[in-house]
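**Q** Sequence and computational prediction follow.
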Amino acid sequence: MPGPPLTVHAPTDVDRGDEVLTGDALAFLAELQRRFGPRRDELLVARERRRDEVARTGRLDFLDETREVREGRWIVAPAPPDLRDRRVEITGPTDRKMAINALNSGARVWLADLEDANTPHWRNVVGGQVVLRDAVRRTIELTTAEGRHYALESPDDVPVIVPRPRGWHLDEDHLRLDGRPLAGALVDFGLYFVHNARELLDRGSGPYFYLPKLESHLEARLWNDVFTFAQEALGVPYGSVRATVLIETIPAAFEMHEILHELRDHAAGLNAGRWDYLFSIIKYFRDAGPSFTLPDRAAVTMDAPMMRAYSDLLVQTCHRRGAFAIGGMAAFIPSRDPEVNEVAFARVRADKEREARAGFDGSWVAHPGMVDLCAEVFTDVLGDRPNQLQVSRADVSVTADALLDAGATPGERTLDGLRTNVSVGIAYLQAWLLGNGAVGIDNLMEDAATAEISRSQVWQWLNAGVSLASGETVTRELVDEVVEEVCAPPVGTEEEDPAARDARECARRLFVECALDPDFPSFITLPAYQEVLAREGRHRV
């Protein structure tokens, strides 16, 4: 492949990193960046133009220019055999121990998360690819410093591996071409594809992916072109790649048919991602006034009118096109307290029953302890069938107004809700800066979507001058008081170690800036990544 070489600007070596950062792999990444990086940059600019238009009009709608796609008779390519039963999928980062636990969980699919559940420290970016390489070959194992050994219990019976690369908006600063960072999405996809595509096909599977945070069918078209080129460049059969797209942005909700159509030879389905979807609604309509001001995030359930419209439209769209509809996350982590478990399990069961009855083909869990419950609920509906593509949801008729009906969302705005947003957001960011993107907080497995919805809701309440149920108006002074309260160390506790204390202060500053500054950052992970680079002793060139 012609052109200048890609350069590596990494702070430290990563164990077995040379197995991943081979000459062929780096040349492949360089070619992906040359071919597709400029168009990715153009699409990011287009995102901002679209947001500006929404700010001007206060409106999103289905696209007139793609009406024929929505009304046309077409379906996506049939799913490969190992991707037809997705009744329970477990998500988690590519940490070696958590990967082994996921592969031993009994789930049908493991979403190997290189995105929201992963801090893009260099050791995580490269180390995660080493873990995936071992997982694909069923050789993954771990012996801890305490002597505990982890390995696959049944190497011939593990979940289908489906990595989730980073979104289009994130860079990978440690790899540069012509002095500019590569797109993180192309790095994550390219390294996994070049090292594992043929191996997966030889094992009767394939290179399957989850695609996050798409905002238009043009962004899906870019991914489809990446897939087509990658298959041809490596001599992999056309159509081997299969992608499931997360519909977790409000503009993508208006383009579900179009996204599947762009990917139709490589499409596997769509997924409903709740927290990022709510974050996107706030981000797009943050200056639209009180009608788009949501109650406490914990109060916004999938039974809210706009969420039910989004969910039902997703199932209807997928099944009309022969694609799978995958439900949202059960983030609960089983507790040692049986009473806590009893309440939480009942809520999770009710949520999964709602999804199964609505026609979803499967759903997500974040912990191995929730796999059996999710599988049981979907098996009660599916029986011996691998999915329920036959459920057409002909009863569904969703309008633009229904998708945007934030004002009909029931629930209160409370001081406890504000406090939760601040405390959980800062606690998550602290862990993220220290290298852990999947964090257990209050018996829930949280990822970057938690920080996004938390800080965006604080921003929305502040700028709308929301009155809380207890009578307070959300002002800068009130938020500052809550920040001071949640950041104060408990009396009698030992002082944090210097690294943790430094990360805590940095997390506090980042959260406050992203939640309170008038200029709303599009993603909190963008300034947070700069902090990661600074901690490594480097700054972006």
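**A** Great, that's in hand.
**Q** which phi and psi does residue 324 have?
**A** The phi/psi pair for residue 324 (degrees, to the nearest 10) reads phi -90, psi 140.
**Q** Pull the number of nearby residues for it.
**A** Residue crowding around residue 324 was assessed by other CB atoms under 10 Å; the count is 26. Glycine gets a C-beta too; all of them are placed from N, C-alpha and C.
**Q** Grab the nearest non-local neighbour of it.
**A** Distances taken as CB to CB, 6 or more residues apart in numbering place residue 269 nearest to residue 324, at 3.3 Å, with adjacent residues excluded.
**Q** Residue 90 now?
**A** Among residues not flanking residue 90 along the chain, residue 107 sits closest, at 4.0 Å (CB to CB, 6+ apart).
**Q** which SS class is that neighbour?
**A** Judged by DSSP: H, G, I helix; E, B strand; the rest coil, the three-state class of residue 107 is coil.
**Q** wait, it sits on residue 158?
**A** No. Residue 107 lies out of contact with residue 158 (CB atoms under 8 Å); the separation is 9.2 Å.
**Q** Among those two, which residue is more densely surrounded?
**A** The residue with more neighbours, out of residue 107 and residue 158 and counting by other CB under 10 Å, is residue 107; that gives 27 against 21.
**Q** Mind pulling the model confidence for the more buried one?
**A** Looking at residue 107, its pLDDT stands at 98.
**Q** And residue 492, by the same measure?
**A** 53.
**Q** for residue 538, same thing?
**A** Residue 538 carries a pLDDT score of 48 in this model.
**Q** swap in residue 504?
**A** Per-residue pLDDT puts residue 504 at 94.
**Q** mind checking which helix or strand it is in?
**A** Using DSSP states H and E, residue 504 falls within helix 498-516.
**Q** list the buried ones in that helix?
**A** In terms of neighbour count (16 or more other CB atoms under 10 Å), helix 498-516 has its buried residues at 503-504, 506-508, 510-512, 514-516.
**Q** Can you name the element that comes right after it?
**A** helix 525-535.
**Q** what about the strands in the stretch 301-450 of the chain?
**A** In the stretch 301-450 of the chain, the strands defined using DSSP state E, counting those that start in this stretch lie at 324-330, 362-365, 439-441, 444-446.
**Q** any residues touching the helix holding residue 504, and which ones?
**A** With contacts defined as CB atoms under 8 Å, 6 or more residues apart in numbering, helix 498-516 is touched by 422, 425-434, 451, 454-456, 458-459, 462, 476, 479-480, 483, 487, 495-496, 520-521, 524, 527-528, 531.
**Q** again with stretch 144-153
**A** 96-97, 100-101, 103-104, 138, 140-143, 158.
**Q** Could you list the buried residues of it?
**A** Judged by neighbour count (16+ other CB under 10 Å), stretch 144-153 contains these buried residues: 150, 152.
**Q** what's the span of it, first residue to last?
**A** End-to-end distance of stretch 144-153 (CA to CA, to the nearest Å): 17 Å.
**Q** ok so, going back, could the strands of the stretch 301-450 of the chain go into JSON lines alongside distance to residue 396 and mean pLDDT?
**A** Below are these laid out as JSON lines (distance: least, CB to CB, whole Å; pLDDT from 0 to 100):
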{"stretch": "strand 324-330", "distance to residue 396": "12", "mean pLDDT": "96"}
{"stretch": "strand 362-365", "distance to residue 396": "19", "mean pLDDT": "98"}
{"stretch": "strand 439-441", "distance to residue 396": "35", "mean pLDDT": "94"}
{"stretch": "strand 444-446", "distance to residue 396": "30", "mean pLDDT": "93"}
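**Q** And these: which comes nearest residue 239?
**A** Closest approach to residue 239 among those (CB to CB): strand 324-330, 16.4 Å.
**Q** Mind checking which of the contacts of helix 498-516 are buried?
**A** Here, 16+ other CB under 10 Å leaves 422, 425-434, 451, 454-456, 458-459, 462, 479, 483, 487, 520-521, 524, 528, 531 buried among these.
**Q** what number of residues lie near the residue nearest to residue 326 when sequence neighbours are not counted?
**A** In this structure, residue 326 finds its nearest non-sequential neighbour in residue 271, 4.2 Å apart by CB to CB, 6+ apart. Residue 271 has 29 neighbours, counted by other CB under 10 Å.
**Q** What strands flank the helix or strand harbouring residue 271, and is each parallel or antiparallel?
**A** In this assignment (DSSP H and E), residue 271 forms part of strand 267-272. Next to strand 267-272 in the sheet, as set by DSSP bridges, lie strand 242-247 (parallel), strand 324-330 (parallel).
**Q** three-state assignment of residue 176?
**A** Per three-state DSSP, residue 176 ends up strand.
**Q** and the gap between it and residue 8?
**A** Residue 176 is 8 Å from residue 8, where distance means CB to CB, to the nearest Å.
**Q** More neighbours: which of the two?
**A** Neighbour count, other CB under 10 Å: between residue 176 and residue 8, residue 176 has more, with 18 against 13.
**Q** what pairs with the more buried one across the strands?
**A** Beta bridges link residue 176 to residue 7, residue 181, judged by DSSP bridges.
**Q** who are the neighbours in contact with it?
**A** Residues near residue 176 by CB under 8 Å, 6+ apart: 6-7, 9, 182, 541.
**Q** one step back: now do the phi/psi pair for the residue nearest to residue 90.
**A** Torsion angles, degrees, to the nearest 10, at residue 107: phi -70, psi 160.
**Q** That one: what's it in contact with?
**A** By CB under 8 Å, 6+ apart, the residues touching residue 107 are 88-90, 159, 365, 368, 371, 375.
**Q** Where do the helices of the stretch 201-350 of the chain begin and end?
**A** Secondary structure of the stretch 201-350 of the chain (DSSP state H, counting those that start in this stretch): helices located at 217-233, 250-253, 256-262, 274-284, 305-320, 338-358.
**Q** what helices or strands is the fourth one leaning on?
**A** Put plainly, it is helix 274-284. With contacts taken as 3 or more CB pairs under 8 Å, 6 or more residues apart in numbering; DSSP states H and E, helix 274-284 sits against helix 23-57, helix 250-253, helix 305-320, helix 448-464.
**Q** now swap in the fifth one and tell me
**A** Counting contacts by 3+ CB pairs under 8 Å, 6+ apart, helix 305-320 packs against helix 250-253, helix 256-262, strand 267-272, helix 274-284, strand 324-330, helix 338-358, helix 400-403.
**Q** tell me the mean pLDDT for that helix?
**A** On average, helix 305-320 scores 98.
**Q** go on, the last one?
**A** Regarding helix 338-358, the rounded mean pLDDT is 96.
**Q** ok, and the closest non-adjacent residue to residue 258?
**A** Closest residue to residue 258 apart from its sequence neighbours, by CB to CB, 6+ apart: residue 217 at 3.5 Å.
**Q** The one you found and residue 262 touch, don't they?
**A** Yes. Using CB under 8 Å, residue 217 is in contact with residue 262, at 5.0 Å.
**Q** quick revisit: distance to residue 408 and mean neighbour count added to the helices of the stretch 201-350 of the chain, as TSV?
**A** Putting the helices of the stretch 201-350 of the chain into TSV (distance: least, CB to CB, whole Å; neighbours: other CB atoms under 10 Å) gives the following:
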stretch	distance to residue 408	mean neighbour count
helix 217-233	28	20
helix 250-253	16	24
helix 256-262	21	24
helix 274-284	13	24
helix 305-320	5	23
helix 338-358	18	16
